[in-house]
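>>> Compute the structure for the input listed below.
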Amino acid sequence: MPVLNLRSDFAEADALPEQMAAIGRRARAAARRMALASARTKDLALKAIAERLRASRDEILNENARDVAAARNAGQSAALIDRLTLDPGRLSAMADAVEKVGSLADPVGRQLAAIERPNGLLIERIAVPLGVVGVIFESRPNVTADAGALCLKAGNAAILRAGSDSHRTAMAIARAMSRGLADAGLPEDAIQLVPTRDRAAVGLMLAGLDGCVDVIVPRGGRGLVERVQAEARVPVFAHLDGINHVYVAAAADLDMARTVLLNSKMRRTSVCGAAETLLVDRACAATHLAPLVTALVDAGCAVRGDAETQAIDPRVTAASEEDWHTEYLDAIIAVRVMDGIDAAIEHIETYGSHHTDAIITQDDAEATRFLAEVDSAIVTHNASTQFADGGEFGFGAEIGIATGRMHARGPVGVEQLTTFKYRVHGSGQIRP
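Coordinates of the predicted model:
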């Protein structure tokens, strides 16, 4: 029986381990079928899911209204309520994004390498699905659709665990996705949403559900990600913080620097790609620092700066050591004057989170050095840090941003949700 037919909370807490183990077993069985699904079948399923999401608009929006009302009654922040809220436009965009994933090239079955050995063996490296992907997220209900669609496209099964704030909405979205899978003749268990708010379910997923979970992706705040990284017994695709920098170098065009900086910081302050620190080369500080700080303050951004930055505008407050370590996710930025690119790179290495960092400069040699030496998952030249997004990379969507150094790094899209195996073709060769 598909998990989505269960009650929204398990009847007995002591039954939770077996219930979760059953979810894992069903996901593993579904993953075996998904790995063999043709590209056409997967794309038809994504189209069917998009249609089901549109057809279920009233159900989904009604459940979302209940979630939003509960969040308001609980005194949740305006930022969380904004992330939680769906309206007809956002729901339509969610369905469109699912359909767009279906238009991407199939990542499964790609030949990544071919080697012909002297003994006549032909060895191929072929992209294959990861298997079962566990996604643990908090208030954004659209993650249900994005993560499910990306996992489906890559031939995986997904186990999704929504936060308590978005639980009703996520359940309604998952029901629509389950119907779309059935419409296309694929296993409904390929996308399962854990039907309980019990936080113990997260611990069971992190333990791997008896070997049924192959990778975990957390989408949420620092507390969630820290717990996942500390407790997970399976690989994790995640980033802890987005302490992102914009470095305005000596050869920066001021108008470009101002435009890119404001977009990097203020387009959406609550996303992980938002800039949190501005570094300005001392060589251009006399001409660039004051206009950049003024633009930020006039845009409604609080500026915390070093002594030189405070001296140019009385609205700037003093930055502490903690500010260089802080992901604000708010209209606040830390500003510091640097003695050239060496100092800027050292600052980023010391305080950054290896997420996304930008250089603004017309000096190609300096840009080349920054791009080579800054060890972040995403490094930009003359472009906003807010391009740290799978959709902007042409991935259709993303399941998260990874800052680790193994397998996936940066936006985790359909290609990053595959691994590979080797196929060896012979004609009777034996090893001497």
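
>>> sec struct for residue 160, please.
strand (DSSP: H, G, I helix; E, B strand; the rest coil).

>>> Equivalent analysis for residue 337, please.
Assignment for residue 337 (three-state DSSP): strand.

>>> How many neighbouring residues does it have?
20 (other Cβ atoms under 10 Å). Heads up, the C-betas are built off the backbone N, CA and C, glycines and all.

>>> residue contacts, the residue lying closest to it once chain neighbours are set aside?
Once flanking residues are discounted, residue 337 sits nearest to residue 308: 4.6 Å by Cβ to Cβ, 6 or more residues apart in numbering. Residue 308 makes contacts with 285, 289, 337, as judged by Cβ atoms under 8 Å, 6 or more residues apart in numbering.

>>> Over to residue 46?
98-99, 101-102, 149, 152-153, 180 are the contacts of residue 46 under Cβ under 8 Å, 6+ apart.

>>> can you do 10 Å?
98-104, 148-150, 152-153, 177, 180-181, 184, 396 (Cβ atoms under 10 Å, 6 or more residues apart in numbering).

>>> Wasn't the residue nearest to residue 337 part of a helix?
Yes. Using three-state DSSP, the secondary structure at residue 308 is a helix.

>>> Local confidence estimate at it?
At residue 308, the model reports a pLDDT of 97.

>>> and if you look at residue 9?
48.

>>> cool, the one 5 residues further on as well?
Per-residue pLDDT puts residue 14 at 72.

>>> related to what we said a few turns ago, would you mind giving the contacts of residue 308 as a markdown table with pLDDT and distance to residue 29 added?
Formatted as a markdown table, those follow (pLDDT from 0 to 100; distance: Cβ to Cβ, whole Å):
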| residue | pLDDT | distance to residue 29 |
| --- | --- | --- |
| 285 | 98 | 62 |
| 289 | 98 | 60 |
| 337 | 98 | 59 |
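
>>> What is the nearest of these to residue 47?
For the contacts of residue 308, the residue nearest residue 47 by Cβ to Cβ is residue 289; the value is 51.8 Å.

>>> roughly how far is the longest helix seen in the chain from the heart of the chain?
Counting by DSSP state H, the longest helix found in the chain is helix 16-35. Mean-position distance between helix 16-35 and its chain equals 24 Å (Cα atoms, centre = their mean, to the nearest Å).

>>> How about stretch 59-66?
On Cα atoms, centre = their mean, the centre of stretch 59-66 falls 24 Å from the chain's centre.

>>> With stretch 249-264 instead?
For stretch 249-264 - counting by Cα atoms, centre = their mean - the centre lies 26 Å from the chain centre.

>>> now swap in stretch 336-354 and tell me
Counting by Cα atoms, centre = their mean, stretch 336-354 comes out at 25 Å from the chain centroid.

>>> what comes into contact with the lowest-mean-pLDDT helix or strand in the chain?
Within the chain, no helix or strand scores below helix 78-84, which has a mean of 86 by mean pLDDT, DSSP states H and E. Helix 78-84 is contacted by residues 64, 67-72, 74, 76-77, 138-143, 163, 165-166, 169, 221, 268-271, 329-330 when judged by Cβ under 10 Å, 6+ apart.

>>> if we go to 7 Å?
67-68, 71-72, 139-141, 165-166, 270 (Cβ atoms under 7 Å, 6 or more residues apart in numbering).

>>> Show me those that map onto strands.
Per DSSP state E, strands hold no members of the contacts of helix 78-84.

>>> So which of those sits lowest on pLDDT?
Out of the contacts of helix 78-84, that is residue 139, at 82.

>>> Contact partners for that one?
Applying Cβ under 7 Å, 6+ apart, the residues near residue 139 are 80, 83-84, 163, 165-166.

>>> same thing but at 10 Å, please
Residues in contact with residue 139 (Cβ under 10 Å, 6+ apart) are 67, 71, 76-77, 79-85, 162-166, 169, 219-221.

>>> Can you say which of the residues you listed are buried?
Buried by 16 or more other Cβ atoms under 10 Å: 67, 71, 76, 80-81, 83-85, 162-166, 169, 219-220, out of those.

>>> quick revisit: could you list every helix and strand that the following helix or strand past the least confident helix or strand of the chain packs against?
Next along the chain after helix 78-84, taking DSSP states H and E as the criterion, comes helix 88-102. Helices and strands touching helix 88-102, by 3 or more Cβ pairs under 10 Å, 6 or more residues apart in numbering; DSSP states H and E, are helix 39-55, helix 57-73, helix 142-153, helix 167-183.

>>> Of the ones you listed, which stretch is the most buried?
Most buried of the helices and strands packed on helix 88-102 by mean neighbour count (mean count of other Cβ atoms under 10 Å) is helix 142-153; its value is a mean of 28.

>>> Determine how far that helix lies from the middle of the whole chain.
11 Å.

>>> Kindly export that helix (C-alpha atoms) in CSV.
Coordinates of the C-alpha atoms in helix 142-153 are reproduced here as CSV (Å, rounded to 0.1, in the frame of the first residue of the first chain):
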residue,chain,number,x,y,z
ASN,A,142,7.8,23.7,-3.3
VAL,A,143,10.8,21.5,-2.3
THR,A,144,8.4,18.6,-2.4
ALA,A,145,7.8,19.1,-6.1
ASP,A,146,11.3,20.1,-7.1
ALA,A,147,13.0,17.3,-5.2
GLY,A,148,10.6,14.7,-6.4
ALA,A,149,10.8,15.8,-10.0
LEU,A,150,14.6,15.9,-10.1
CYS,A,151,14.9,12.5,-8.4
LEU,A,152,12.4,11.0,-10.9
LYS,A,153,14.2,12.4,-13.9
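
>>> tilt between that helix and helix 39-55?
With axes from the mean of the first three to the mean of the last three Cα atoms, to 10 degrees as the basis, helix 142-153 and helix 39-55 are set at 160 degrees to each other.

>>> Helix 142-153 - what's its average pLDDT?
95.

>>> and what of stretch 340-348?
pLDDT averaged over stretch 340-348 gives 98.

>>> What of stretch 236-244?
pLDDT averaged over stretch 236-244 gives 91.

>>> From the opening residue of it to its closing one, how far?
21 Å (Cα to Cα, to the nearest Å).

>>> how much space between residue 167 and residue 323?
The gap separating residue 167 from residue 323 is 35 Å, by Cβ to Cβ, to the nearest Å.

>>> now residue 52
Distance from residue 52 to residue 323, by Cβ to Cβ: 47 Å.

>>> same deal with residue 379?
22 Å.
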